[in-house]
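Colleague: Just a sequence and a predicted model for now, questions to come.
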Amino acid sequence: MTKHIFVTGGVVSSLGKGLTASSLGRLLKARGLKVTMQKLDPYLNVDPGTMNPFEHGEVYITDDGGETDLDLGHYERFIDEPLTRASNATTGSIYSAVIAAERRGDYLGKTVQVIPHITDEIKRRISTLAGDDVDVVITEVGGTVGDIEILPFLEAIRQFRLDVGRDNVCYVHVTLVPFIGPAGEQKTKPTQHSVTELRSRGIQPDVIVCRSDREISDGLRNKISNLCDVPLEGIVNAPDASSLYEIPLTMHEGGLDTYVGRLLGLEPIEPDLRQWRQLVERVERAWKPLKIGIVGKYVSLPDAYLSVAESLRHAAFLHEVDLEIEWIMSDQVEGMLVANKLGHLDGMVLPGGFGERGVEGKIESARFAREKQIPCLGLCLGMQVMTVEYARNVLGMVGANSSEFDTQDSVTPYPVIDLMDSQRSVTDMGGTMRLGAYVAVLDEGSQVAEIYGDTVISERHRHRYEFNPKFRSKFDGSDFKCSGASPDGNLVEFIELANHPFWVGTQAHPELKSRPDRPAPLFDALVKAALDRAVAADPSRFERDVELIDITADA
């Protein structure tokens, strides 16, 4: 029978519930188990697709087109399993389903209530992921214990243990053990109060993961064990790590997977962590200095580009690069400022986004990278602004732009980026989005085909506007190549520039499929091109001090 692990959090948000859940998932998968994961989010939006990136961070897209919470990115990167839209459930989607069922008469005229109807729908969403081919489902409950909006979720997971049997459920609670500077000591009271609140909802945690800025003492672990009624083995410390990819190893050393496995009756197999340890060793070995700028609209909240940043780091690990990411607001890159903002970069990423603000800065960034031979990768809107830039500044199409930015007073004469005709008839703007995994066919001999090592590939998408095929002939014969398209040839998926080390754009979001030990091909190629350019420009940057050894000393 499928085992279930529920991860909750207390005291404050952003403690790392998602990374704790992901790390535990990685450890269990390393034992040979089939693991899948899920996020229950308490907000009333049906999904995060319409939420402000400054407030919510990035929207993570699954292969089947689900617009989901960014924690699913952590899940996929750690357990290396593709998830689906079923792995993300919000209060909004749950209430929508229950109300729709009530309107259809599914409840036979009964009064519809939070208990049992909402809690039953939550349990149904959890059960959907279980099956004969799944050993463990790890479900993270968003928010913190004490929030009014997560009460139905807590009640649902309390009931779930009764439904499937006590031996098939484990509750993991993540809390904070802060260090109080003036007192010079760590305090357990926040953890005690958080556990008390959770127990008041009928849930006794089996494991407490104590987040701290430094290791906690055995004495504090004993104190938490005694006061929270959790065996000492179930008190696991997770101090701050220099890299998030160290966390699974820290959790394993703390005995998390061993204890959880014993609670759930899982076979006591030592996890095979050789590959993960090699990854962490590569992270620690990184020394080659490289600076890559992310020129975006939402960089004041780096979580808005979380997968982009992680993909850059994955590629950096492979090349032993000590990567410095510079976050650059695109609306500050215009006119005479462009050289000051971008001239020192070794490489550049132009990520996706929606809306007109900052677009001219992104266009200027694309121009600067093209003219100065700076490796540049454009993602979604990034590819679109590269197209606009080339049309304006090389092909002489003055005023070229995307029709996304047309106003009542200003309509571009050259809409090189536009909605497709089939999309114009859709009145619901959400219905015009191209979401999920789509196949692209790459031109034989193109730069992108060489990078991918294949001519038929698949990447995930989230966008509305496309390269306008009516203007494609204008680009033919120039250095600007449309090097990948949809299988029917109608939609441009990749562009690249001849006579440039790396100036490549894609309509897709390849960052969503990058893995820490298997970086996305385009990010790998970007980092390699940036490194090659930096070494050629200044080899002294990459000289290491090597201690001289007298080889005759042992003679």
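Modeller: Happy to help now that I have it.

Colleague: contacting residues around stretch 49-60?
Modeller: Contacts with stretch 49-60, where a contact means Cβ atoms under 8 Å, 6 or more residues apart in numbering, come from 45, 48, 67-73, 297-298, 300-301, 303-307, 353, 430, 433, 462, 512. Glycine gets a C-beta too; all of them are placed from N, C-alpha and C.

Colleague: Does the closest residue to Arg201 other than its chain neighbours belong to a helix, a strand or coil?
Modeller: Distances taken as Cβ to Cβ, 6 or more residues apart in numbering place Leu154 nearest to Arg201, at 4.6 Å, with adjacent residues excluded. Put simply, Leu154 is helix when judged by DSSP: H, G, I helix; E, B strand; the rest coil.

Colleague: His500 now?
Modeller: coil.

Colleague: Pull out the buried positions in the helix or strand encompassing Phe523.
Modeller: Secondary structure assigned from DSSP states H and E places Phe523 in helix 521-537. Going by neighbour count (16 or more other Cβ atoms under 10 Å), the buried part of helix 521-537 is 521-531, 533-534.

Colleague: How is Cys170 assigned, secondary-structure-wise?
Modeller: Under three-state DSSP, the three-state class of Cys170 is strand.

Colleague: Model confidence score at it, please.
Modeller: Cys170 carries a pLDDT value of 98.

Colleague: what's the neighbour count on it?
Modeller: As a burial measure, Cys170 scores 25 neighbours (other Cβ atoms under 10 Å).

Colleague: Asp409 now?
Modeller: 5.

Colleague: Can you give me the distance of Glu55 to Ser300?
Modeller: From Glu55 over to Ser300 the distance is 12 Å, taken as Cβ to Cβ, to the nearest Å.

Colleague: same check, this time on Leu33
Modeller: 40 Å.

Colleague: wait, isn't Arg392 in contact with Pro413?
Modeller: No. At 11.2 Å, Arg392 and Pro413 do not qualify as touching, with contact defined as Cβ atoms under 8 Å.

Colleague: From start to finish, how long is stretch 54-71 in a straight line?
Modeller: 16 Å (Cα to Cα, to the nearest Å).

Colleague: quick one: buried residues of that stretch?
Modeller: Neighbour counts over stretch 54-71 (16+ other Cβ under 10 Å) mark 56-63, 65-71 as buried.

Colleague: again, but for stretch 349-359
Modeller: Using 16+ other Cβ under 10 Å as the test for burial, stretch 349-359 gives Val349, Leu350, Pro351, Gly352, Gly353, Gly358, Val359.

Colleague: Which residue lies closest in space to Gly296, excluding its sequence neighbours?
Modeller: In this structure, Gly296 finds its nearest non-sequential neighbour in Pro351, 4.8 Å apart by Cβ to Cβ, 6+ apart.

Colleague: So Leu33 and Ser300 - more neighbours on which side?
Modeller: Taking neighbours as other Cβ under 10 Å, Leu33 and Ser300 compare with Leu33 leading, 18 against 11.

Colleague: Excluding covalently adjacent residues, which one is nearest to Asp524?
Modeller: Among residues not flanking Asp524 along the chain, Ala315 sits closest, at 4.6 Å (Cβ to Cβ, 6+ apart).

Colleague: Wait, that neighbour touches Ala530, no?
Modeller: No. Taking contacts as Cβ under 8 Å, Ala315 lies outside contact range of Ala530: 9.5 Å.

Colleague: follow-up on the earlier one: which of the buried residues of stretch 349-359 fall within helices?
Modeller: Those of the buried residues of stretch 349-359 mapping onto helices are Val359, per DSSP state H.

Colleague: Which ones among the buried residues of stretch 349-359 lie within strands?
Modeller: The strands, defined by DSSP state E, take in Val349, Leu350 from these.

Colleague: okay, who's weakest in the buried residues of stretch 349-359 by pLDDT?
Modeller: For the buried residues of stretch 349-359, the least confident entry is Gly358, with 84.

Colleague: Contact partners for it?
Modeller: Applying Cβ under 8 Å, 6+ apart, we find Gly358 in contact with Gly296, Lys297, Met329, Ser330, Asp331.

Colleague: Would you mind giving the residues you listed as TSV with secondary structure, pLDDT and neighbour count added?
Modeller: TSV is the format used below for the contacts of Gly358 (DSSP: H, G, I helix; E, B strand; the rest coil; pLDDT from 0 to 100; neighbours: other Cβ atoms under 10 Å):
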residue	secondary structure	pLDDT	neighbour count
Gly296	strand	93	28
Lys297	coil	90	24
Met329	strand	93	16
Ser330	helix	92	27
Asp331	helix	87	12
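
Colleague: can you pull the contacts of the residue nearest to Arg201?
Modeller: Thr8, Val141, Val145, Leu198, Arg201, Gly202, Ile203.

Colleague: Specify the local secondary structure of the third one.
Modeller: In other words, Val145. Here Val145 is recorded as coil under three-state DSSP.

Colleague: Quick one: residues contacting it.
Modeller: Taking Cβ under 8 Å, 6+ apart as the test, what Val145 contacts is Thr8, Gly9, Gly10, Leu154, His173, Ser194, Glu197, Leu198, Arg201.

Colleague: Do I have it right that the second one meets Ile150?
Modeller: No. Using Cβ under 8 Å, Gly9 makes no contact with Ile150, being 9.7 Å away.

Colleague: Please identify every residue contacting each of the two.
Modeller: Jointly contacting Gly9 and Ile150 under the rule Cβ under 8 Å, 6+ apart are Val141, Gly143, Thr144.

Colleague: ok, these vs Gly109, which is closest?
Modeller: The nearest member of the shared contacts of Gly9 and Ile150 to Gly109, counting by Cβ to Cβ, is Val141 at 31.9 Å.

Colleague: What distance do you get for the closest one to Thr196?
Modeller: Separation of Val141 from Thr196 (Cβ to Cβ): 17 Å.

Colleague: repeat for Arg31
Modeller: Arg31 is 33 Å from Thr196, by Cβ to Cβ.

Colleague: Of those two, which one has the most company?
Modeller: Neighbours were counted for Arg31 and for Thr196 using other Cβ under 10 Å; Arg31 has more, 20 against 13.

Colleague: Quick check, the more buried one in contact with Val260.
Modeller: No. Contact criterion Cβ under 8 Å: Arg31 and Val260 do not qualify, at 10.7 Å.

Colleague: anything in contact with each of those two?
Modeller: With Cβ under 8 Å, 6+ apart, Arg31 and Val260 have common neighbours Leu266.
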